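A.B. asks: Next input, structure requested:
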Amino acid sequence: MTDALRRRGFHGVGVSDILQQAGAPKGVLYHHFPGGKAELAVAAIDQVVDRMVAGLDQLLARQPDPMQATRQWLEAATGRLQASDFESGCPLATIALETTAADTALQAALARAFDRLRQRLAGALTGAGHTPARAEALAALIVSAYEGGLLQARVARSTEPLTRVTDALLDLLVAPAAAAPAPAHPSTRTPPGAPA
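C.D. replies: Numbering: from 1, shown residues only. Take a look at the predicted model:
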């Protein structure tokens, strides 16, 4: 189901396609998922975000600098999209673009998924010294760049949009700290009223 959602979206895949790919009879689907395709999609969303968060955990364990981890996360997404010949984007964005106000279960599952990603990134940023408010804002920006960059790269059938997003995002996030003047050491400050 997850692969089908990545490539074809919720409305682009039928129950019969899912069953055929799984090699399962229809009764099995409705036994485990009485709500049918929508309930199965919610389970797939939960599973996708479980894997994404676990992947972030592993990445942050290897690369504790959240900015460099973000670069590696975006670069890995770029590689996966290119390897799929630009068919397999992020299923979260694919489904989100299809939902309507009537798709309450799907929208709730997607909202939880995006929130989990933001919270994981915000935790890493807070651990790196950012204030909680700034960490949450940066995490929201990173997730938006990830999803938007994947979407643009997929429709352009080119890695360039996602590569440019990655470079611009990281430049933006590290530039303010690099550009800020270093505070003067107390012993080197000019006393008030003294000649400069």
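A.B. asks: can you give me the helices in the protein?
C.D. replies: Under the criterion DSSP state H, helices of the chain are mapped to 2-8, 15-22, 26-32, 37-62, 66-83, 91-98, 104-127, 132-156, 160-179.
A.B. asks: Put together TSV for the ones you listed, with mean pLDDT and mean neighbour count on each row.
C.D. replies: Bear in mind the C-beta positions are built from the backbone N, C-alpha and C, glycine included. Below are these laid out as TSV (pLDDT from 0 to 100; neighbours: other Cβ atoms under 10 Å):
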stretch	mean pLDDT	mean neighbour count
helix 2-8	68	18
helix 15-22	66	13
helix 26-32	63	12
helix 37-62	89	16
helix 66-83	91	18
helix 91-98	84	20
helix 104-127	94	18
helix 132-156	94	18
helix 160-179	79	14
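A.B. asks: For the residue nearest to residue 157 when sequence neighbours are not counted, grab the count of nearby residues.
C.D. replies: Distance criterion Cβ to Cβ, 6 or more residues apart in numbering; nearest residue to residue 157, sequence neighbours excluded, is residue 86 at 4.5 Å. Using other Cβ atoms under 10 Å as the criterion, residue 86 is surrounded by 16 other residues.
A.B. asks: Let me see the contact set for residue 86.
C.D. replies: Counting by Cβ atoms under 8 Å, 6 or more residues apart in numbering, residue 86 makes contact with 153-154, 157-158.
A.B. asks: Quick check: phi and psi on the residue nearest to residue 3 when sequence neighbours are not counted?
C.D. replies: Using Cβ to Cβ, 6+ apart and skipping the chain neighbours, the partner closest in space to residue 3 is residue 88 (7.2 Å). The phi and psi values for residue 88, taken as degrees, to the nearest 10, are phi -100, psi 90.
A.B. asks: And the contacts of residue 86, which two are furthest apart?
C.D. replies: When the contacts of residue 86 are compared pair by pair using Cβ to Cβ, the farthest-apart members prove to be 154 and 158, with a separation of 9.3 Å.
A.B. asks: re earlier: for the residue nearest to residue 157, phi and psi?
C.D. replies: Here is the backbone geometry of residue 86 (degrees, to the nearest 10): phi 60, psi 30.
A.B. asks: any idea how far residue 174 is from residue 124?
C.D. replies: To residue 124, residue 174 is 15 Å away according to Cβ to Cβ, to the nearest Å.
A.B. asks: Then residue 42?
C.D. replies: As defined by Cβ to Cβ, residue 42 lies at a distance of 27 Å from residue 124.
A.B. asks: what do you get for residue 52?
C.D. replies: Residue 52 sits 14 Å away from residue 124, taking Cβ to Cβ as the criterion.
A.B. asks: residues in contact with residue 155?
C.D. replies: Residue 155 makes no contacts at all, as judged by Cβ under 8 Å, 6+ apart.
A.B. asks: Ok, residue 49 next?
C.D. replies: Counted by Cβ under 8 Å, 6+ apart, residue 49 has contacts 92, 112-113, 116-117.
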